[in-house]
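# Model the following, please.
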Amino acid sequence: MIWQRTDDLQGYLRDAVLPELKYGPETPDLPPLGHKSHRNTLSTRFRKHRHLTAIHYLGPSFDEIVNEWISARLPAKSTGFRGEDQQSGEALTVPSTRRFKVCTAVPAPAADSARLWTWVHHFPLRTVQTVLHIIFPKIQDWDFVSDDSGTDNADIYKEFYFTDTRNPTSPEIRSNSVVVVCQPPWVLSDEDMWQFTELKSLPMDNVPLRAKERLWAKQVWDTCVRRQSTYFVVTSYQQWVFGAFSRGFTHAFVSPPMGAQSRDPTVIQAAIYWLASALAVEYGYVPPYVPEPVDYVMGDIPVPPHDNDDTATIIDSLSSWTGKSEEPASSAHAAEVIPALGSERGASDLVATRLMVEQWRQTLPGCDGVQVAELCSPPSPQDLDRLYGGDLWTDDPDDAACTVSSDHTEIGETKGHWLTRFSFLCTH
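I've put the predicted structure just below:
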């Protein structure tokens, strides 16, 4: 017996797992498992009005609340929908078990970003929209729309917006709408997604932003504030994160990353629950109350400008480091270097540190470092002056000394400089 998908909507959705993404021969190489992509050229300047002071991780409880809501709210009996509406274009496109008849065209392999956007829209977004229209008939005019205006990053970024197409600028409509941020998996790797969810806040000082902070700042916080929409989704198709801001956009709450082939719940079930929550459906997710500045709660937040002139140029990394900024000991033997920098044993530790750095530098192609055999301990003032290239020894013992050391991430490219500063008291 062949069942229509809506003869048992809960049963259909229980096994409606996203199809495996197909790549083409021209698809950019994916980062190795556990590595960042180093291809995210989204860039933005520090802006003092971004008061995202805390990002809260929802953890495993997210799966539980999704499953409970789906079981309680979705009908298990026939809804009368035959799986596809020729007039409106509505269709349930994600395959399920054999007992549910699903006939859908498969998009061309995702050889580039444009084709990936087609996969995102055709399978998850189209199915989620159809299910919401079935169970909430009053939102028939709510659709996923795409707006590429204001961005010059179309090759690495796409924004979908779930809203009432009749009156999308109404304040009431905007507050219930949902922003969907998409980046390809060769730009937003699984490791990038995990680091995105593990971030605790945006910097409050004027410092360069890391890749995960740029994604939070430019494509999530700025976009949601500009649209005045507190619910959002971040996806690479292969991974999905569901999030929401507090009323004043000072706190964010994010789910763990969910794989495309996840079950119990599936991506489709989680997305239905999240969009229904944005629509203020009973028992949906509501961000907890947090104290916030009154002007932010009242919506008096400067509208973020579009940073179209801030595209960064990223040079491919030569290292195998995963890029986890929270684990400095995994980079360039930092575990050996950090204790020396934190000690109080004097200048000999600095030379020992320099020795380790020079030994590492000589393993790089084409780099001519200081001959390590010439380094000695304990150092003389002349040794330190030769190694650090400055007037390290001063007449005034209260003066501090510092030096700048530069290395290149790519031979012949004057990029990727390292700044090393040592400040300490020198006596004769």
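# Burial check on the closest residue to Arg126 other than its chain neighbours, number of neighbours?
Using CB to CB, 6 or more residues apart in numbering and skipping residues adjacent in sequence, the residue nearest Arg126 is Thr93, 5.3 Å away. No exception for glycine: its C-beta is placed from N, CA and C like everyone else's. For Thr93, the count of nearby residues is 21 (other CB atoms under 10 Å).
# isn't Thr93 right up against Thr127?
Yes. Proximity of Thr93 to Thr127 meets the contact threshold set by CB atoms under 8 Å, at 5.3 Å.
# which residues do those two both contact?
Residues touching both Thr93 and Thr127 (CB atoms under 8 Å, 6 or more residues apart in numbering): there are none.
# Show the contacting residues for Pro124.
With CB under 8 Å, 6+ apart, Pro124 has these contacts: Leu18, Val94, Thr235, Tyr237, Val267, Ile268, Ala271.
# Go again with 7 Å.
Residues near Pro124 by CB atoms under 7 Å, 6 or more residues apart in numbering: Leu18, Val267, Ile268, Ala271.
# now, which of those residues sits nearest Glu191?
Taking CB to CB as the measure, Glu191 lies nearest Val267 of the contacts of Pro124, at 19.2 Å.
# show me where pLDDT drops low in this protein?
Along the chain, the model assigns pLDDT under 70 to residues 1-6, 77-88, 103, 148-152, 304-354, 360-361, 364-428.
# And the furthest pair within the contacts of Pro124?
Farthest-apart pair in the contacts of Pro124 is Leu18 and Ala271; separation 10.2 Å (CB to CB).
# Looking at these two, which has the bigger crowd around it?
Counted by other CB under 10 Å, Leu18 and Ala271 do not tie: Ala271 has more neighbours, with 27 against 22.
# is it true that that one touches Thr127?
No. Ala271 is beyond contact range of Thr127, at 8.7 Å (criterion: CB atoms under 7 Å).
# could you pull out the strands for the stretch 201-350 of the chain?
For the stretch 201-350 of the chain, the strands defined by DSSP state E, counting those that start in this stretch occupy 231-235, 239-245, 251-254, 258-259.
# What strands flank the last one, and is each parallel or antiparallel?
If I follow you right, that is strand 258-259. Using DSSP bridges, strand 258-259 pairs in its sheet with strand 239-245 (antiparallel).
# so Pro287 makes contact with Thr250?
No. If you go by CB under 7 Å, Pro287 and Thr250 don't touch, sitting 10.9 Å apart.
# Confirm that Ile134 sits in a strand.
No. Counting by DSSP: H, G, I helix; E, B strand; the rest coil, Ile134 falls outside a strand, being helix.
# Near it, how many other residues are there?
The tally of other residues near Ile134 (other CB under 10 Å) stands at 18.
# ditto for Lys200
By other CB under 10 Å, the residues close to Lys200 number 11.
# Let me see the backbone angles for the residue lying closest to it once chain neighbours are set aside.
Spatially, and ignoring its direct neighbours in sequence, Lys200 is nearest to Ile55 (5.7 Å; CB to CB, 6+ apart). In terms of degrees, to the nearest 10, the main-chain angles of Ile55 are phi -120, psi 120.
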